[in-house]
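Enquirer: Everything below, folded, please.
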Amino acid sequence: MTKADPQTDLRSMTGFAAQTGAMDPFRWAWEVRSVNGKGLDLRLRVPDWIDGLEAALRPLVAARVQRGNVTVGLRVNREDAVAKLAVSAIQMKAVVHALLEIEAEAMDQGLSLAPSRASDIAAMRGIMEQSAAQDDPAPLRAAVLADVPALLDAFDAMRLAEGAALRDVLRNQLDQIEALTAEAATVAEARKADVAETLKRNLARVLDNTDGADPDRVAQELALLAVKADVTEEIDRLTAHVTAARDLIAQGRAIGRKLDFLMQEFNREANTLCSKAQNAELTRIGLALKVLIDQMREQVQNVE
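Expert: Here you go, the predicted structure:
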């Protein structure tokens, strides 16, 4: 197998890659996966609290992928940090003032209250505040985006590897189609005598029943019989399609749509060959072509 050329080799629409990174106190994990699709369906699943991340990510991925259902995900975790505690001066003054009023009223009523403890006051709601520093998302956004090129390189490498395998399979299938087409041409040439004899019998039958018939209509029917027996055009077009498919595969890159259309043309000619066969061996070849073309089309569905 020749060395892959990222610029010209086939790419599969199926691929996967993952990448991890860290920047205290954050840890993150990238993941990108794709399956085949008619067009480009790009789905980004990234944290929306990292401002501008999706807008920056979308063109990076779109520049690498032309077709397929692609999902890119990012999970970001923050390690637990030691919380900072601070006293709410306003709330503390309010609580102390309230306690003084309560103690004064209790003394006026002749009640004796236990002395207040600092721990009791600190436990009251609102006295102690838990604070955490607010992070600027810009450094984190830059750090996670810095991992994207390596992530997409790994993703592209997998698609290229699968594309190289697809290329070899497709070339082998084209060789088989070419061999069957050549065999069909040989059989068609060999059966010419039988076809000529059949036409003579049909001609005699027609002439025996042409009393009062329109000569032009008789000529049209005879021409139609000849056309129905001739598979030369179908064999020529199959040969041309093999050449066109090989040229596309050699061209590489995003050729999946063109190959898929070409497979429809292959199938059309194989169907016509079967319908015109009038010969057991030619029918067998036509059916073998149809099976092979269907198998090839399944592979083509995975080409970008």
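Enquirer: Let's check: the centremost residue of this protein is which one?
Expert: Gly68 (2.5 Å; CA atoms, centre = their mean).
Enquirer: surely that one meets Met13?
Expert: Yes. With contact defined as CB atoms under 8 Å, Gly68 counts as touching Met13 (3.7 Å). Every residue, glycine included, has its C-beta placed from N, CA and C.
Enquirer: List the contacts of the residue nearest to the centre of the chain.
Expert: Listed by CB atoms under 8 Å, 6 or more residues apart in numbering, the contact set of Gly68 reads Met13, Thr14, Ser34, Val35, Asn36, Gly37, Leu40, Asp41, Glu304.
Enquirer: So the third one: helix, strand or coil?
Expert: Put plainly, it is Ser34. strand (DSSP: H, G, I helix; E, B strand; the rest coil).
Enquirer: burial count for it?
Expert: Neighbourhood size, Ser34 [other CB atoms under 10 Å]: 26.
Enquirer: List the buried residues in stretch 60-75.
Expert: Under the neighbour-count criterion of 16 or more other CB atoms under 10 Å, stretch 60-75 has Val61, Arg64, Val65, Arg67, Gly68, Asn69, Val70, Val72, Leu74 buried.
Enquirer: Tabulate these (JSON lines), appending distance to Gln19 and pLDDT.
Expert: JSON lines is the format used below for these (distance: CB to CB, whole Å; pLDDT from 0 to 100):
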{"residue": "Val61", "distance to Gln19": "13", "pLDDT": "95"}
{"residue": "Arg64", "distance to Gln19": "14", "pLDDT": "92"}
{"residue": "Val65", "distance to Gln19": "16", "pLDDT": "93"}
{"residue": "Arg67", "distance to Gln19": "23", "pLDDT": "92"}
{"residue": "Gly68", "distance to Gln19": "19", "pLDDT": "93"}
{"residue": "Asn69", "distance to Gln19": "20", "pLDDT": "95"}
{"residue": "Val70", "distance to Gln19": "15", "pLDDT": "96"}
{"residue": "Val72", "distance to Gln19": "11", "pLDDT": "97"}
{"residue": "Leu74", "distance to Gln19": "10", "pLDDT": "96"}
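Enquirer: Just say helix, strand or coil for the residue lying farthest from the centre of the chain.
Expert: The outermost residue of the chain relative to its centre, with distances by CA atoms, centre = their mean, is Gly110 at 83.7 Å. Per three-state DSSP, the secondary structure class of Gly110 is coil.
Enquirer: Then Val76?
Expert: Per three-state DSSP, Val76 ends up strand.
Enquirer: distance of it from Arg191?
Expert: 71 Å (CB to CB, to the nearest Å).
Enquirer: same deal with Asp108?
Expert: In terms of CB to CB, Asp108 sits 126 Å off from Arg191.
Enquirer: And those two? Which one has more around it.
Expert: Arg191 (18 against 8).
Enquirer: who touches the more buried one in this structure?
Expert: Arg191 sits next to Asn279, Leu282 when contact means CB under 8 Å, 6+ apart.
Enquirer: List the single closest residue to Leu287 in space, sequence neighbours excluded.
Expert: Distances taken as CB to CB, 6 or more residues apart in numbering place Cys274 nearest to Leu287, at 6.4 Å, with adjacent residues excluded.
Enquirer: List the contacts of whatever helix or strand the one you found lives in.
Expert: Using DSSP states H and E, Cys274 falls within helix 256-276. Contacts with helix 256-276, where a contact means CB under 8 Å, 6+ apart, come from 13, 67, 170, 177, 184, 228-231, 234-235, 237-238, 241, 244-245, 248-249, 282-283, 285-287, 289-290, 293-294, 296-297, 300-304.
Enquirer: Report the buried residues of that helix.
Expert: For helix 256-276, by 16+ other CB under 10 Å, it's 256, 259, 262-263, 265-267, 269-270, 272-274, 276.
Enquirer: So for it, mean pLDDT?
Expert: Helix 256-276 shows an average pLDDT of 93 in the prediction.
Enquirer: I appreciate the help and will end here.
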